[in-house]
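*Asks:* Here is my input, please return the structure:
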Amino acid sequence: MQPSSFPETLKKLRGGAGVTQEDLAKLGTVSSSAICRWEKGQSTPKRRDDVERVDKALSANGELVRAWTSHTSGSALPPWMQVAARLMAEAVVIEYFSPSLVPGVLQCTEYAELVFRHGRPLDPPEEIQRLAAARSSRYEQLRRGHNPAIRAVFPQSALTLVPDGPRRAQAAHLCGMIDTGRVTICLVPEGQQLMSIVSPLLMVRLADGGRAATSDHVGGNALLEDHELELLDEVAKTMFATALPAHESRKVLGDMQ
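*Replies:* A predicted model of the protein is given here:
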């Protein structure tokens, strides 16, 4: 189902709250004429903080902000997911190195919900579920596009340190991906660490032959400079050397199910 547009969402939420445009303008500290134009689709808020104030005034728990994000960016993903998502959509080869968690594009819904609950404790349950669904659907979207080859390195503890249910679900999910022949996973054994990186690193080869890389940080994804790619190639070799071979990693994952 397609998400509602920003004007539709605003009108629906205001109606559900039982307030007039004038009342909402006062609560959200914007002009009533702006509320009117937004609902008619004649204009769209330029500032996120304006939308956040109106969202709060309507007790919408982020629904209006999400509609505005989708309306203005063309994507239902939050801004901090979009840089990596755009790169992966154009990639024919993806290499992902994560020092602590299963990479996002390889996460199943149960595992993603666990990650988001811990990482975004102020978000309501429905937003956690929405984010987890968006993340866990990325791989199938990529398969329908360029169907990239994916190579990932992350620690075995990314699975062994989570509760039994998400661990089993995630292990089965990864085994299914490996069995497609397009995903290679190399686990870093227990007791060892990826010392070369402190945050997740994504490296891609694009359909047009170009290359790019991003690194995650608390506010989103940061694109790395072209001159850094040669160094990152050496870092990647070190991380693959640290990890178990792919066939041994597949056996470890199979035993976790």
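
*Asks:* The nearest residue to R168 once chain neighbours are set aside: how many residues sit nearby?
*Replies:* Leaving aside its sequence neighbours, R168 sits nearest to Q257 (C-beta to C-beta, 6 or more residues apart in numbering; 5.6 Å). C-betas here are computed from N, CA, C, even on glycine. Residues near Q257, counting by other C-beta atoms under 10 Å, number 13.

*Asks:* Check R37 too.
*Replies:* R37 has 15 nearby residues by other C-beta under 10 Å.

*Asks:* Ok, C108 next?
*Replies:* 21.

*Asks:* same deal with the one 4 residues further on?
*Replies:* With neighbours defined by other C-beta under 10 Å, the count for A112 comes to 26.

*Asks:* looking at it, N61 is touching R130, isn't it?
*Replies:* No. N61 is beyond contact range of R130, at 11.0 Å (criterion: C-beta atoms under 8 Å).

*Asks:* Compare those two (neighbour count), which wins?
*Replies:* R130 (19 against 15).

*Asks:* isn't there a strand covering the more buried one?
*Replies:* No. Read with DSSP: H, G, I helix; E, B strand; the rest coil, R130 is helix and lies in no strand.

*Asks:* any idea how far the closest residue in space to it that isn't next to it in sequence lies from D208?
*Replies:* Leaving aside its sequence neighbours, R130 sits nearest to R66 (C-beta to C-beta, 6+ apart; 7.7 Å). R66 sits 32 Å away from D208, taking C-beta to C-beta, to the nearest Å as the criterion.

*Asks:* So which of those two has more stuff around it?
*Replies:* R66 (23 against 7).

*Asks:* Which helix or which strand is home to that one?
*Replies:* helix 63-73 (DSSP states H and E).

*Asks:* Touching, A132 and A112? I think so.
*Replies:* Yes. Taking C-beta under 8 Å as the definition, A132 is a contact partner of A112 at 3.8 Å.

*Asks:* returning to that earlier point: show the model's pLDDT score for the residue nearest to R130.
*Replies:* On the pLDDT scale, R66 is placed at 78.

*Asks:* Could you measure from it over to V252?
*Replies:* Taking C-beta to C-beta, one finds R66 at 38 Å from V252.

*Asks:* try R14
*Replies:* 53 Å.

*Asks:* The two: who's more crowded?
*Replies:* R14 (21 against 17).

*Asks:* Name whatever forms a beta bridge with the residue nearest to L201 when sequence neighbours are not counted.
*Replies:* Nearest non-adjacent residue to L201, counting by C-beta to C-beta, 6+ apart: F97, 4.5 Å away. For F97, the beta-bridge partners are V153, L201 (DSSP bridges).

*Asks:* is it true that F97 touches T238?
*Replies:* No. F97 is beyond contact range of T238, at 10.0 Å (criterion: C-beta under 8 Å).
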